[in-house]
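Colleague: Build the 3D model from these lines:
(chains A and B)
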Amino acid sequence: MQHDLEVDVLVIGGGTGGPMAAVKAKAGNPKLRVMLLEKANVKRSGAISMGMDGLNNAVIPGHATPEQYTKEITIANDGIVLQKAVLAYAENSFAMIQELDRWGVKFEKDETGDYAARKVHHLGTYVLPMPEGHHMKKILYRQLKRHRVEVTNRVVATRLLTDAQGKVAGVMGFDCRTADFYVIRAKAVILCTGAAGRLGLPASGYLFGTYENPTNAGEGHVMAFHAGAELTNLECYQINPLIKDYNGPACAYVTGPFGGYTANSRGERFIECDYWSGQMMLEFFNELESGKGPVFLKLDHLAEETVSTIEHILHTNERPSRGRFHERRGTDYRQQMIEMHISEIGFCSGHSASGIWINEKGETTLPGLYAAGDCGSVPHSYMLGAFVYGRFCGENAAAYCADHEASAVDPEQVAIEKARVMAPLSRAEGLTPFQVEYKTRRLVNDYLQPPKVTRKMQIGLQRFEEIKEDLQAMSAANPHELMRAMEAYAIRDCAEMAARSSLCRTESRWGLYHHYVDYPEKNDADWFCHLQLSRGPAGEMRLHKRAVEPYVIELDEQEKAAYSRLRIASAPTAA
Amino acid sequence: MTIANTRTQAPVQVDEDKCIAHKGCTVCVDVCPLDVLAIDLSKGKAFMQFDECWYCLPCEKDCPTGAIRVDIPYLLR
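Modeller: Residues are numbered from 1 along each chain as shown, chains lettered A, B, ... in the order given. Just a heads-up that it's a prediction; the model follows:
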């Protein structure tokens, strides 16, 4: 069965940025038909399905300034940023905190009622705890109802529709329970599909044991690519320091202000700052590989009261099953350090810098197409960045609708996509989506995980080409498996993007994220630029450089190197 | 990856004495981000249909009768 729908603004993804975008589009013009399309259920979807323990990048007057924050992110990202997009975030960060506060989000405040910001970054103070942050999704849901946003759950978006001028015309997808096909015509589309979180295979071998919510398989990145939008810096992977096996955050941001820190097996600090940057990850990787590994989160020196507070925050928010993971292993924060490891690779601008290219208005390079949150390209933007850019996208998409008519739906695009999506259901036998996904992701680990090596990545590309044929042989026993089959398509495309982008940038940058053994040095002469990936005339992936726009906030030379000096200097030895 | 085809220990355990799916409740099925839960219509009880759990806990926290317990998947324990 096919459903043909028409709306003004279609938001894809109901996690963090998506609900905000939908609410702001509707607030911008209540007469607009705004639909929020969600692959799962907006009540509990996305990276913050169980809430969040704090804001990691709050720019609060009296604690930090937008200029200072923009500098910090520029430095943490080795200079490759669209500064005006970072600045636009920073300037609107506080207004968003105040709005969330009015909506009922509880932030930590001091005895005077001021927000109790903490220092975790290398230079400035931007972390604002939310000890009761488990209620975040409920608060967003209330706003969706209040603004009368139409919500469609359990529909998986697979491809964007475009018109002859390259303007976005809508989206196609299917219901993951009935396999009904959806064609939704829209004037503007906002991608809020989150990270490509199912790219590398976790070291545990468990497909769904990812750091990111595994529902986020990179479909937004892939939809943007096939529609002709530019993606950027995909070689700047997301790799995170996590609790080994559990693969959730160790939460040094939470524990740091209480006195917890990352330590080597001797219990010694080896990095000055626990903020997640590529440079920090490289030091982490070096320590793991050295005789002083593995790496741990150290809390066992803290007072009982402090440990109890930390436990309350970490075991009720974001990844609350963490407590039972430790319990089964017999790990008590009071007695033992917590073993850590590095994660598999992914794309996520929330923590690194890769994604669908957007400017300071949330616009992609495709007219009518916007992106916010982990799938967009504003670096290190975390949850608050998703909210702020969700707002920008919602407001700007609403304004765009006033001046633009909806484009016609191209029946040929629909026929091609419907055939691709429905094919696995019609095959009685074939490869299971599970097998194809496992193999693709195992190859990602084998050939793409840093340290990056040219020959390995070339072999990886050959193997990903072979997987292209395997995709055509997948069979799905039911609509649920069909969802996994379509995700396998997205994962394969993301793997190819990661390999091609990494091979193209012939230098090393962003610490471990693009640690390229054949080109171990940073090369500003040739590579102080963004690397854009887009679709060529024959559907191939092509790459080009995009200049870094002149900074709006200048850095001095001393500041530029701050993130290159994260390792703690070794103690002077006695003569 | 269906449990029907692969012998496995399901991370999501449903206490059938407490589960009220037979009265029309589908909360756990609704909130699962990975859509791995379903209602067994012959029994009127929720169960884990697909072994794809992110151990994220909305099913357990949102269940009105406390019928669900999520364990860490064996491969990660």
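Colleague: From here on, just use CA atoms for contacts and neighbour counts.
Modeller: OK.
Colleague: Centre of the chain to the strand or helix carrying residue A:502, how far?
Modeller: If you go by DSSP states H and E, residue A:502 is part of helix A:479-504. Mean-position distance between helix A:479-504 and its chain equals 15 Å (CA atoms, centre = their mean, to the nearest Å).
Colleague: Could you identify the helix or strand that succeeds it?
Modeller: Following helix A:479-504 toward the C-terminus (DSSP H and E): helix A:524-527.
Colleague: now for the helix holding residue A:502, which elements pack on it?
Modeller: Here helix A:479-504 touches helix A:219-227, helix A:411-426, helix A:433-448, helix A:454-471, strand A:529-535, strand A:541-547, going by 3 or more CA pairs under 8 Å, 6 or more residues apart in numbering or on different chains; DSSP states H and E.
Colleague: Mean neighbour count and mean pLDDT for these - can I get that in TSV?
Modeller: Shown next, in TSV, are these (neighbours: other CA atoms under 10 Å in any protein chain shown; pLDDT from 0 to 100):
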stretch	mean neighbour count	mean pLDDT
helix A:219-227	25	98
helix A:411-426	15	98
helix A:433-448	22	98
helix A:454-471	17	98
strand A:529-535	22	98
strand A:541-547	16	98
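Colleague: Report the mean confidence score over the helix holding residue A:502.
Modeller: Helix A:479-504 shows a mean pLDDT of 98.
Colleague: ok and that helix relative to strand A:529-535, angle-wise?
Modeller: Relative orientation of helix A:479-504 and strand A:529-535, computed by axes from the mean of the first three to the mean of the last three CA atoms, to 10 degrees: 140 degrees.
Colleague: Near residue A:152, how many other residues are there?
Modeller: The local packing of residue A:152 (other CA atoms under 10 Å in any protein chain shown) involves 17 other residues.
Colleague: likewise residue B:66?
Modeller: Residue B:66 - counted by other CA under 10 Å - has 14 other residues nearby.
Colleague: That one looks like it's in a strand, true?
Modeller: No - Residue B:66 sits outside any strand when classified using DSSP: H, G, I helix; E, B strand; the rest coil, being coil.
Colleague: pretty sure it is touching residue B:20, no?
Modeller: No - counting by CA atoms under 8 Å, residue B:66 stays clear of residue B:20, with 10.3 Å between them.
Colleague: Need the phi and psi values for the residue of the stretch 151-300 of chain A found nearest chain B.
Modeller: Here the stretch 151-300 of chain A gets closest to chain B at one residue, residue A:245, 5.2 Å apart by CA to the nearest CA. With angles defined as degrees, to the nearest 10, residue A:245 sits at phi 70, psi -50.
Colleague: For residue A:210, see how far away it is.
Modeller: Residue A:245 is 10 Å from residue A:210, where distance means CA to CA, to the nearest Å.
Colleague: Please identify which of the two sits among more neighbours.
Modeller: The neighbour count for residue A:245 versus residue A:210, taken as other CA under 10 Å, is higher for residue A:210 (27 against 22).
Colleague: just to revisit the earlier point, show me what contacts the residue of the stretch 151-300 of chain A closest to chain B?
Modeller: By CA atoms under 8 Å, 6 or more residues apart in numbering or on different chains, the contact list for residue A:245 reads A:203-204, B:76-77.
Colleague: Could you tell me how many residues sit around residue A:109?
Modeller: Other residues near residue A:109 number 14, with proximity taken as other CA under 10 Å.
Colleague: oh sorry, the question was meant for residue A:557
Modeller: Using other CA under 10 Å, residue A:557 has 8 other residues around it.
Colleague: With residue A:408 instead?
Modeller: By the criterion of other CA under 10 Å, residue A:408 has 16 neighbours.
Colleague: unless I'm mixing things up, it is touching residue A:169, no?
Modeller: Yes - counting by CA under 8 Å, residue A:408 touches residue A:169, with 6.8 Å between them.
Colleague: Can you list the residue ranges for strands in chain B?
Modeller: B:12-14, B:37-40, B:45-48, B:68-70 (DSSP state E).
Colleague: Pull up the pairing partners for the third one, direction included.
Modeller: By that I understand strand B:45-48. The pairing partners recorded for strand B:45-48 under DSSP bridges are strand B:37-40 (antiparallel).
Colleague: hang on, the earlier thing: now for the helices and strands packed on helix A:479-504, which one comes closest to residue A:182?
Modeller: Closest to residue A:182 of the helices and strands packed on helix A:479-504, according to CA to CA: helix A:411-426, at 9.2 Å.
Colleague: Find the helix or strand that residue A:145 is a member of.
Modeller: For residue A:145, the element it lies in under DSSP H and E is helix A:136-146.
Colleague: Quick one: list the elements packing against that helix.
Modeller: Packing contacts for helix A:136-146, counted by 3+ CA pairs under 8 Å, 6+ apart, involve helix A:17-28.
Colleague: what is the orientation angle of the helix it packs on with helix A:136-146?
Modeller: 30 degrees.
Colleague: need the contact list for residue A:271.
Modeller: Going by CA under 8 Å, 6+ apart, residue A:271 touches A:262, A:280, A:283, A:566-568.
Colleague: 10 Å instead, please
Modeller: A:261-264, A:280-281, A:283-284, A:287, A:565-569 (CA atoms under 10 Å, 6 or more residues apart in numbering or on different chains).
Colleague: Give me the contacts around the helix holding residue A:145.
Modeller: A:14-16, A:18-20, A:22-24, A:26, A:36, A:42-46, A:48-53, A:100, A:103-106, A:130, A:148-151, A:317.
Colleague: could you say what helices and strands the helix or strand just after that helix packs with?
Modeller: Past helix A:136-146, further along toward the C-terminus, the next helix or strand under DSSP H and E is strand A:150-152. Using 3 or more CA pairs under 10 Å, 6 or more residues apart in numbering or on different chains; DSSP states H and E as the contact test, the elements touching strand A:150-152 are strand A:2-12, helix A:17-28, strand A:34-37, helix A:136-146.
Colleague: can you put the ones you listed in TSV and add mean pLDDT and mean neighbour count?
Modeller: Shown next, in TSV, are those (pLDDT from 0 to 100; neighbours: other CA atoms under 10 Å in any protein chain shown):
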stretch	mean pLDDT	mean neighbour count
strand A:2-12	98	21
helix A:17-28	98	28
strand A:34-37	98	26
helix A:136-146	97	18
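Colleague: and of those, who's closest to residue A:466?
Modeller: Among the helices and strands packed on strand A:150-152, the nearest to residue A:466 by CA to CA is strand A:2-12 (30.3 Å).
Colleague: Return the angle between stretch directions for the closest one and helix A:219-227.
Modeller: If you take the same axes, to 10 degrees, strand A:2-12 sits at 110 degrees to helix A:219-227.
Colleague: So in that sheet, which strands flank strand A:2-12, and in what orientation?
Modeller: In the sheet containing strand A:2-12, its partner strands are strand A:34-37 (parallel), strand A:181-191 (parallel), by DSSP bridges.
Colleague: Now do the buried residues in stretch A:381-390.
Modeller: Using 16 or more other CA atoms under 10 Å in any protein chain shown as the burial criterion, the residues of stretch A:381-390 that qualify are A:381-390.
Colleague: Centre of the chain to it, how far?
Modeller: 11 Å.
Colleague: and if you look at stretch A:61-79?
Modeller: Centroid displacement of stretch A:61-79 relative to its chain, using CA atoms, centre = their mean, is 20 Å.
Colleague: Ends of it, what's the gap?
Modeller: Start-to-end, stretch A:61-79 (CA to CA) is 25 Å.
Colleague: now swap in stretch A:399-416 and tell me
Modeller: 32 Å.
Colleague: Then stretch A:506-519?
Modeller: This stretch, stretch A:506-519, spans 6 Å end to end (CA to CA).
Colleague: Tell me how many other residues crowd the closest residue to chain B within the stretch 1-150 of chain A.
Modeller: Across the stretch 1-150 of chain A, no residue is closer to chain B than residue A:40, which sits at 5.0 Å (CA to the nearest CA). Neighbour count of residue A:40, defined by other CA under 10 Å: 25.
Colleague: No further questions, thank you.
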